[in-house]
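Trainee: Next one to model:
(chains A and B)
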Amino acid sequence: MGMTQHAEPAVTTPPASGPGRVKDGRTAERPLALRLLARPDVGVFLGAVAVWVFFLIAAPPVREGSAMATILYQSSTIGIMALPVALLMIGGEFDLSSGVAVITSALTASMTAFQLTMNVWVGVFAALVVSLAVGFFNGWMVVKTGLPSFLVTLGTFLILQGANLAVTKLVTDNVATDDISDMDGFGQAKKVFGSSFEVGGVQLKITIVYWLVFAALATWVLLRTKYGNWIFAVGGNKDSARAVGVPVMFTKISLFMLVGLGAWFVGMHNLFSFNTVQSGEGVGQELIYISAAVIGGCLLTGGAGSAIGPVFGAFMFGMVQQGIVFANWNPDWFKAFLGVMLLGAVLINLWVSRTATRR
Amino acid sequence: MTDTNEAGTHGAILADAPDSDDGVIVELRNAGKSYGNIRALHGVSLQVRPSQVTCVLGDNGAGKSTLIKIISGLHQHTEGEFLVDGEPVRFSTPREALDKGIATVYQDLAVVPLMPVWRNFFLGSEMTKGRWPVRRLDIEQMKKTADEELRNMGIVLDDLEQPIGTLSGGQRQCVAIARAVYFGARVLILDEPTAALGVKQSGVVLKYVAAARDRGLGVIFITHNPHHAYMVGDHFSVLRLGTMELSAARDQITLEELTNHMAGGAELAALKHELSQVRGVDTEALPEEGDLTAPVATVKDDAS
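Mentor: Numbering: from 1, shown residues only, chains lettered A, B, ... in the order given. Below is the predicted model:
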């Protein structure tokens, strides 16, 4: 009853900005090197450099420019998909159907164009619609039902895997699609999705450029836009985000559709590089994308990560995959390498998130 | 560089609103909510005025959470009326409530722990600059503003880049309160802000409740601690089993009576009557019905 009703703000000094402002004096600056090391994307960068140096020493052919071009190409096909998968992971979800969705996209484009004997761009557009629809379905199911995305996308994964095979056999009486390389618009589409260009006597695939451009774009969106802020928020704490007015449903569904967009792009690259599509492929690729994102410092549970980390993650994968070949080792070791890198990255992630939330 | 600066609009909520110096901002009239055949809340009337703290007390399961969820737009009422500035409303998202100037600070979901303090401060109402498609966050402005606003509320932080999860529970609540005040909230709903806090931290939060009130906000303070409520409250409502058991202004009730109501005083008196028929039960220490002088359940008369 005798309580003072009018409380005064605790600080009497006016807020001052600039170097000489009041500090609460309870935080000590950690050395720059330590702070940098604590960043997951710096960790994976060092990891990628280490793997690169290792193969430079262990496999002399890697030192040639053409070998580097192959490695970068390999990395880019993983990396382009790893980007939306990483954004989705930061947004707190994952997509197990992303691997077969690439094939679904390629099959749709190929078969639509071939069966209707139309310009390949019609097929490309049909594939885009299908890919976005798959992404929308995944996102909508996850948001509406509240089921873990693991279950929902496991379902989509199996549906797509089965449908890929069954529909292809039904339409073409074969497990692969027909060659579409002589169809209208093929040359044009190949230029967009699968061409090469020369830099200093080395043939580089155009996917490398797309990969780096997309990564830069994703980084900008993630760190410098509202939408990026929302991605971190819905992954970090969905309920808080909703309570302060973040459109959680829109953010999550659009992230799934972004994965669809990535699957469409890589699917188109596959189609216009190899002219036909094997309907049974793509299984297991989703785990590669997810691993690249995790190695790149994205928190599996959402709320933390970057777009640049998965670039190095994908590079590590491409490097190891090709490096083993160049070193004349048994390529069966590839998956074992992946496993070791993944575990290492997860342990570092765990340590970082514990440090970050330590009170 | 700043051709479309959305940052300038944040205060508009306050400015556009009709001037209601002693008018009621938020009012519930006999409002209720049923989940299927379960009546979680029934016949609740409540008024929130500027510069007043309305305390809603109640034990676990009394319907406090349902009540704030209706006002904050997470759920919709199924009976009665919900008015903002005298007009009936029905919010379907928290965003709509926010646009009306009703901000809620939740006990455990006030912030996103892994995000930096300044990003949390502006989450959902980010400042941007530039034209689409290059519209981007105005990071410098946001950091500067967050720092200023926090200092105005008496919260000094070294590093606004640190994840908000590294702050203490009381500090996090205070950041959330400062955020709500900055974004032009006219009504601030605090969901058990002191429940998980120590004595000293509770004091800090209560201080900011008072600071928010002094800035002219209507505060709805949800708690099950009558002592905390009585320190800052102007009006007290006690919920029990989804209905309103007590609605009293500060001058109509003492802390003792409030505590008694919270402890289930009315029920205890009835129980005492029953127990006195049974031999061997000491009923002397229990309160009589006459001890409860405060107006009991006068809610329905108020509403008509």
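
Trainee: which one's the longest helix in chain B?
Mentor: For chain B, the helix that runs over the most residues, judged by DSSP state H, is helix B:199-214.

Trainee: what helices or strands is that one leaning on?
Mentor: Using 3 or more CB pairs under 8 Å, 6 or more residues apart in numbering or on different chains; DSSP states H and E, the elements in contact with helix B:199-214 are strand B:53-58, helix B:169-182, strand B:218-223, helix B:226-232. Using the backbone N, CA and C atoms, a C-beta is placed for each residue, glycine as well.

Trainee: so which of the ones you listed comes closest to B:Val205?
Mentor: Nearest to B:Val205 among the helices and strands packed on helix B:199-214 is helix B:169-182; the distance by CB to CB comes to 5.1 Å.

Trainee: Tell me which other helices or strands whichever helix or strand comes after that closest one touches.
Mentor: Going down the chain from helix B:169-182, the next helix or strand is strand B:187-191, by DSSP states H and E. Packed against strand B:187-191 by the contact rule (3+ CB pairs under 8 Å, 6+ apart) you find helix B:64-72, strand B:102-105, helix B:169-182, strand B:218-223.

Trainee: and strand B:187-191 with helix B:169-182, angle?
Mentor: Relative orientation of strand B:187-191 and helix B:169-182, computed by axes from the mean of the first three to the mean of the last three CA atoms, to 10 degrees: 160 degrees.

Trainee: hey, C-alpha coordinates of stretch A:147-156 in PDB?
Mentor: Taking C-alpha atoms only, stretch A:147-156 is exported to PDB below (Å, rounded to 0.1, in the frame of the first residue of the first chain):
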ATOM      1  CA  LEU A 147       3.400 -32.400 -38.300                       C
ATOM      2  CA  PRO A 148       7.200 -32.600 -38.400                       C
ATOM      3  CA  SER A 149       8.500 -31.700 -41.800                       C
ATOM      4  CA  PHE A 150      10.500 -34.900 -41.600                       C
ATOM      5  CA  LEU A 151       7.300 -37.000 -41.800                       C
ATOM      6  CA  VAL A 152       5.500 -34.900 -44.400                       C
ATOM      7  CA  THR A 153       8.500 -34.700 -46.800                       C
ATOM      8  CA  LEU A 154       9.300 -38.400 -46.200                       C
ATOM      9  CA  GLY A 155       5.900 -39.000 -47.600                       C
ATOM     10  CA  THR A 156       6.400 -36.700 -50.600                       C
END
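
Trainee: residues making contact with it?
Mentor: For stretch A:147-156, the external contacting residues (CB atoms under 8 Å, 6 or more residues apart in numbering or on different chains) are A:Glu93, A:Phe94, A:Asp95, A:Leu96, A:Ser97, A:Ala101, A:Val134, A:Phe137, A:Asn138, A:Met141, A:Val142, A:Thr145.

Trainee: what about the stretch 101-250 of chain B, any weak spots by pLDDT?
Mentor: Low-confidence segments of the stretch 101-250 of chain B (pLDDT under 70): B:108-110.

Trainee: For chain A, which of the helices and strands packed on strand B:187-191 is the nearest?
Mentor: Across the helices and strands packed on strand B:187-191, chain A has its closest neighbour in strand B:102-105 (6.4 Å, CB to the nearest CB).

Trainee: so does the closest one get close to chain A?
Mentor: Yes. Contact of strand B:102-105 with chain A (CB under 8 Å from any CB of the partner chain) involves B:Thr104.
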